[in-house]
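S.K.: attaching a predicted model along with its sequence, questions to come.
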Amino acid sequence: MNLTENLLMAITSLKTNKLRSFLSMIGIIIGVSSVIVVMSIGRGGEKLITDNLIGSASTIDIIYQPSEDEMGEEYFSQTQSHFDETDIDMLEKIPHVINVITSSTDSTTINYKGRMDMLPVKGINQTYLASKDIQLDSGSHFSAIDFVQGRRIGYIDYSIKEKLFEQGTNPIGEVIRVNGQPIEIVGLIEKSDGLFASDNNQVVLPAKTWKNIFNNEEFTELSLQVDNVNQISIVGNHATTLLNDTHNVNGTFEIINLERISDGISSITRILSLVVSSIAGISLLVGGIGIMNIMLVSVTERTKEIGLRKAIGASRTQILTQFLIESVAITLIGGSIGVLVGWGITSIISVLGILPAAVSWVTVTVLLILSMFIGILFGIVPAAKASKLNPIEALRYE
């Protein structure tokens, strides 16, 4: 009897006991679908974290790392100015640098018709606006002339809108006072409810406007955009060397090692996914035990059939192969259904925007192969029992 005939017999047997066959697949279906969902969420979560924390692969963030003495003096580098126009001109001349992105942040009193709060205010240059892609819910973006003239205009986000304005009030065109200076609101930043929503609770101004209000010509944050991702390390090291050589400071200028952060995030998410998937995979083990139990029952029910086949010349190998194929068919069909269920759940998660979950073909292939292996592993005992039956005793079985 060839493989095709054994497969057809296995399918016929499954059709004969549809409900029992389906119930025996439940464990495999749950196990496979659970692993697919967990692995997909893990990959989606890794992508979400990386996109939000790492950002563009062609951007280098440069930070000032204060010395121990400065840290001891309760020094906060994020609120101190370290970069000036001379630095910008110097860094723009580095090969492969296409943009120098700067911003400045400081906190001050924001006032609107008697409603006041101490809030951070960010000043950005035109390159920052182009590279960070600030999305507005309403209003208009800063123009080139706004940056050149330092017009007294700005954006606010929803958190500030809720703090300073009455419900239902349109802030566009209203004037708030930033550090006592009038600023017309021209844009409302799009509300961000993401897991890693950033730049919340702050006013955004053109860089020249910010400098005039705070009487500060320097920048607190600086990034370099390069034209070739392969040059990131070289450009970053060149930039920090220049800054450290030209600045008389106690601390040091360093680049944020985004590659190391990305690798660390990937390692953590992979480990978590594997741990949770292993727990979900217990269902596969339980399903395999259930299939072995069903196959033992099937062998008992078909004792006469086995005896008859042996009496007309079927070998032990043929009987063993028949029941192994039947066991593998159950797990493979269950695994396929599990893949479809897991795929469907993952698609729903992705469509709802919960996470950018995506099913990996590698995961699907591995799980289907694992399903076949489980069928062989847990089907070998019932198949061996069937192949060892004495044909005469089997034909007498009642």
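M.R.: On my side now, so go ahead.
S.K.: low-confidence regions, the stretch 1-150 of the chain specifically.
M.R.: Low-confidence segments of the stretch 1-150 of the chain, defined by pLDDT under 70: 1-7, 9-10, 45-57, 69-81.
S.K.: what about 80?
M.R.: 1-21, 23-24, 39, 41-59, 65-82, 129-133 (pLDDT under 80).
S.K.: could you pull out the helices for it?
M.R.: Secondary structure of the stretch 1-150 of the chain by DSSP state H, counting those that start in this stretch: the helices cover 3-16, 18-53, 68-72, 85-92, 126-132, 144-149.
S.K.: most tightly packed of these?
M.R.: Highest mean neighbour count among these (mean count of other Cβ atoms under 10 Å): helix 18-53, with a mean of 20. From N, CA and C alone the C-beta is placed, and that goes for glycine too.
S.K.: what is that one packed up against?
M.R.: When contacts are defined as 3 or more Cβ pairs under 8 Å, 6 or more residues apart in numbering; DSSP states H and E, helix 18-53 packs onto helix 258-280, helix 282-301, helix 316-351, helix 361-387.
S.K.: try 10 Å this time
M.R.: helix 3-16, helix 258-280, helix 282-301, helix 316-351, helix 361-387 (3 or more Cβ pairs under 10 Å, 6 or more residues apart in numbering; DSSP states H and E).
S.K.: could you check the angle helix 316-351 makes with it?
M.R.: Orientation check (axes from the mean of the first three to the mean of the last three Cα atoms, to 10 degrees): helix 18-53 against helix 316-351 gives 40 degrees.
S.K.: number of nearby residues for residue 360?
M.R.: The local packing of residue 360 (other Cβ atoms under 10 Å) involves 13 other residues.
S.K.: check contacts around it.
M.R.: Counting by Cβ atoms under 10 Å, 6 or more residues apart in numbering, residue 360 touches 36, 39, 40, 42, 43, 366.
S.K.: so what does it have for phi and psi?
M.R.: When read as degrees, to the nearest 10, the backbone of residue 360 gives phi -90, psi 130.
S.K.: and it, how far is that from residue 134?
M.R.: For residue 360, the distance to residue 134 (Cβ to Cβ, to the nearest Å) stands at 33 Å.
S.K.: ok, now residue 114?
M.R.: For residue 114, the distance to residue 134 equals 29 Å [Cβ to Cβ].
S.K.: neighbour count: the two, which is higher?
M.R.: For residue 114 and residue 134, the more surrounded residue by other Cβ under 10 Å is residue 134, and the numbers stand at 18 against 6.
S.K.: quick check: phi and psi on the more buried one?
M.R.: phi -70, psi 120.
S.K.: on that earlier part again, distance to residue 307 for the helices of the stretch 1-150 of the chain - can I get that in CSV?
M.R.: Shown next, in CSV, are the helices of the stretch 1-150 of the chain (distance: least, Cβ to Cβ, whole Å):
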stretch, distance to residue 307
helix 3-16, 16
helix 18-53, 22
helix 68-72, 85
helix 85-92, 87
helix 126-132, 77
helix 144-149, 91
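S.K.: quick check: which ranges of the stretch 201-350 of the chain have low pLDDT?
M.R.: Counting by pLDDT under 80, the stretch 201-350 of the chain contains low-confidence ranges at 201, 228-233, 248-251, 255-286, 297-319, 321-322, 350.
S.K.: now do the strands in the stretch 151-300 of the chain.
M.R.: 153-156, 175-178, 181-189, 203-206, 221-226, 252-255 (DSSP state E, counting those that start in this stretch).
S.K.: restricting to C-alpha, output the second one in PDB.
M.R.: Listed in PDB are the C-alpha atoms of strand 175-178, where the atom choice follows Å, rounded to 0.1, in the frame of the first residue of the first chain:
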ATOM      1  CA  VAL A 175      -2.800  84.700  22.100                       C
ATOM      2  CA  ILE A 176      -1.000  83.200  25.100                       C
ATOM      3  CA  ARG A 177       1.900  84.700  27.000                       C
ATOM      4  CA  VAL A 178       5.100  82.700  27.200                       C
END
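S.K.: what's the average pLDDT for it?
M.R.: Across strand 175-178, the average pLDDT comes to 93.
S.K.: how far out from the middle of the chain is that strand?
M.R.: How far strand 175-178 lies from its chain's middle: 39 Å, per Cα atoms, centre = their mean, to the nearest Å.
S.K.: what sits up against that strand?
M.R.: For strand 175-178, the external contacting residues (Cβ under 10 Å, 6+ apart) are 108-113, 115-116, 119, 121, 152-154, 156, 160, 164-165, 182-185, 203, 205, 209-210, 213-214.
S.K.: give me the buried subset of those.
M.R.: 108, 110-112, 119, 121, 152-154, 156, 160, 164-165, 183, 185, 203, 205, 209-210, 213-214 (16 or more other Cβ atoms under 10 Å).
S.K.: dig out what residue 61 forms beta bridges with.
M.R.: The partner list for residue 61 in beta bridges (DSSP bridges) reads residue 223.
S.K.: I'd assumed residue 131 was in contact with it.
M.R.: No: in this structure, residue 61 is not within contact of residue 131 by Cβ atoms under 10 Å, at 11.8 Å.
S.K.: what's the separation between residue 252 and residue 284?
M.R.: Distance of residue 252 to residue 284, computed by Cβ to Cβ: 52 Å.
S.K.: which one of those two has more residues nearby?
M.R.: Ranked by neighbour count (other Cβ under 10 Å), residue 252 and residue 284 place residue 284 first, with 26 against 14.
S.K.: how about that one, nearest residue that isn't a chain neighbour?
M.R.: Ranked by Cβ to Cβ, 6 or more residues apart in numbering and with sequence neighbours excluded, the top spatial neighbour of residue 284 is residue 31, at 3.7 Å.
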